[in-house]
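Participant: Based on what follows, work out the 3D shape:
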Amino acid sequence: MRAVGARLPRYDGIAHVTGRSTYVDDVRIPGTLWVKALRSPHHNASITKLDTSPAQRLKGVHAVVTAADVPLLVYGHLSALGIPGDEPLLADGEVRYQGQPIALVAAESESLAMEAVEAIRIEYEERRALFDIRKAFDPDAPVVHEWGNWYPHFEGEMDRRQIRKGDIEWAFDKADTIVQGVYRPAAIEHVPLETQVCQVVPEADGRLTIYSCTQALYFSLGVVCAHLQLPLNKVKVVGGTVGGGFGGKVDTATETMCALLAQKSGRPVKWRWTREEEFLCSSTRAPWHMEIADAVTKDGWILGRKMLTLHDSGAYARFSPYG
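Facilitator: Numbering: from 1, shown residues only. Alright, predicted model coming up:
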């Protein structure tokens with residue numbers, strides 16, 4: 001009870017303000033390779049050609065990985081809850097958003113890794129993209145998923161979750177005034193000062209040590225092991241100080257991608273996202289379309305509410321069905 005009502009110092013406060021806190025990017029491992037990604041320039045396209053051999057031939061490039069190198073390519077963030085995954089770790093035959101990773105390179109320097117990415121030969125067949133969730137209802141709208149534009153994973157309903165309580169018709173009949181509006185909260189990028197950073201070290205005993213800025217250490221461990229088809233005791237995730245997250249560092253994928261490169265190269269690898277990558281490719285808070293009508297009386301009572309919400313999960317589900 002000594003803590004209740006007391007002004008206690010943060011356990012990490014002094015280290016933060018004196019610059020002694022250790023973040024993932026502060027981890028220095030000799031022989032580390034640097035990672036860069038080939039990312040889609042299109043919002044929606046088929047991949048008609050992918051040739052990584054020019055990158056592999058560059059001196060100083062130690063590993064290149066694509067979807068073909070991932071033991072379990074698709075694993076959903078909510079698979080444990082029975083909601084099937086829909087997002088490949090690396091694009092396989094198509095891309096659904098600008099910035100989607102297609103291939104990864106590990107090289108002796110960041111500049112060489114970027115040169116290797118630019119050497120990869122790739123061709124696309126661009127397709128019409130869907131940007132407005134309200135147009136997803138239209139019969140001629142581009143189809144995002146194999147099951148359509150709506151997630152069919154809601155308690156027996158085909159494409160919606162319905163909540164009803166009370167007699168809504170009575171409420172609106174008795175109301176003196178109907179107050180209604182349409183509200184569209186935008187997608188929100190969390191903008192942590194620390195972008196996504198990951199360091200993976202292949203150990204002599206075959207285990208992988210992963211230094212991660214994840215907010216959800218054991219969740220990230222499970223995702224890595226699922227994609228790599230490894231038992232949990234073959235991977236050690238070292239968490240610690242997170243340089244800002246706010247929810248944006250829960251469903252990170254850099255750990256798995258770096259682990260693949262570390263396995264293939266036999267060398268430690270590090271990937272530090274640019275700010276552009278953080279904005280373009282990290283998880284955001286999803287945008288919504290919300291239509292609200294309130295039945296109210298002159299003396300201030302709210303008798304009833306009708307509400308329709310559309311949750312825009314973007315190209316892939318991630319945590320949206322849970323949200």
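
Participant: Ramachandran coordinates for the closest residue to Gly60 other than its chain neighbours?
Facilitator: Spatial nearest neighbour of Gly60, excluding adjacent residues (CB to CB, 6 or more residues apart in numbering): Glu108 at 4.0 Å. Heads up, the C-betas are built off the backbone N, CA and C, glycines and all. The phi and psi values for Glu108, taken as degrees, to the nearest 10, are phi -70, psi -20.

Participant: Then Arg318?
Facilitator: The phi/psi pair for Arg318 (degrees, to the nearest 10) reads phi 50, psi -120.

Participant: Also Tyr211?
Facilitator: phi -90, psi 120.

Participant: per-residue confidence for it?
Facilitator: With respect to pLDDT, Tyr211 has a value of 98.

Participant: circling back: counting neighbours, what do you get for the residue nearest to Gly60?
Facilitator: Number of residues near Glu108 (other CB atoms under 10 Å) recorded here: 17.

Participant: Pull the contacting residues for it.
Facilitator: Leu33, Trp34, Gly60, Val61, His62 (CB atoms under 8 Å, 6 or more residues apart in numbering).

Participant: which regions of this structure sit below the pLDDT cut-off?
Facilitator: For the chain, the stretches with pLDDT under 70 are 154-159.

Participant: the helices in it, which residues?
Facilitator: All helices of the chain, identified by DSSP state H, fall at 13-17, 53-56, 110-119, 168-174, 217-228, 254-265, 275-281.

Participant: what about the ones you listed, which gets the closest to Tyr211?
Facilitator: helix 254-265 (9.1 Å; CB to CB).

Participant: Could you check the angle the closest one makes with helix 217-228?
Facilitator: Here the directions of helix 254-265 and helix 217-228 differ by 40 degrees (axes from the mean of the first three to the mean of the last three CA atoms, to 10 degrees).

Participant: Show me what helix 254-265 is packed against.
Facilitator: strand 33-39, strand 61-65, strand 101-107, strand 197-202, strand 208-212, helix 217-228, strand 269-272 (3 or more CB pairs under 8 Å, 6 or more residues apart in numbering; DSSP states H and E).

Participant: Kindly check the end-to-end length of stretch 222-238 for me.
Facilitator: From its first residue to its last, stretch 222-238 covers 14 Å (CA to CA, to the nearest Å).

Participant: now for the helices of the chain, which one comes closest to Met307?
Facilitator: Closest among the helices of the chain, using CB to CB: helix 168-174, at 10.5 Å.

Participant: Which of the residues in the closest one are classified as buried?
Facilitator: Ala171, Phe172 (16 or more other CB atoms under 10 Å).

Participant: Out of the contacts of Glu108, which end up buried?
Facilitator: Leu33, Trp34, Val61, His62.

Participant: of all those, which comes closest to Ala119?
Facilitator: Comparing these against Ala119 with CB to CB places Val61 closest, at 8.8 Å.

Participant: That closest one contacts Ser109, doesn't it?
Facilitator: No - under the criterion of CB atoms under 8 Å, Val61 makes no contact with Ser109, lying 10.4 Å away.

Participant: re the thing from before, identify whichever of the helices of the chain lies nearest to Glu94.
Facilitator: Nearest to Glu94, of all these, is helix 275-281, at 16.5 Å by CB to CB.

Participant: buried set for that closest one?
Facilitator: Buried, per 16+ other CB under 10 Å, within helix 275-281: Glu277, Glu278, Leu280, Cys281.

Participant: what do you get for stretch 170-186?
Facilitator: By neighbour count on 16+ other CB under 10 Å, the buried set for stretch 170-186 is Ala171, Phe172, Ala175.
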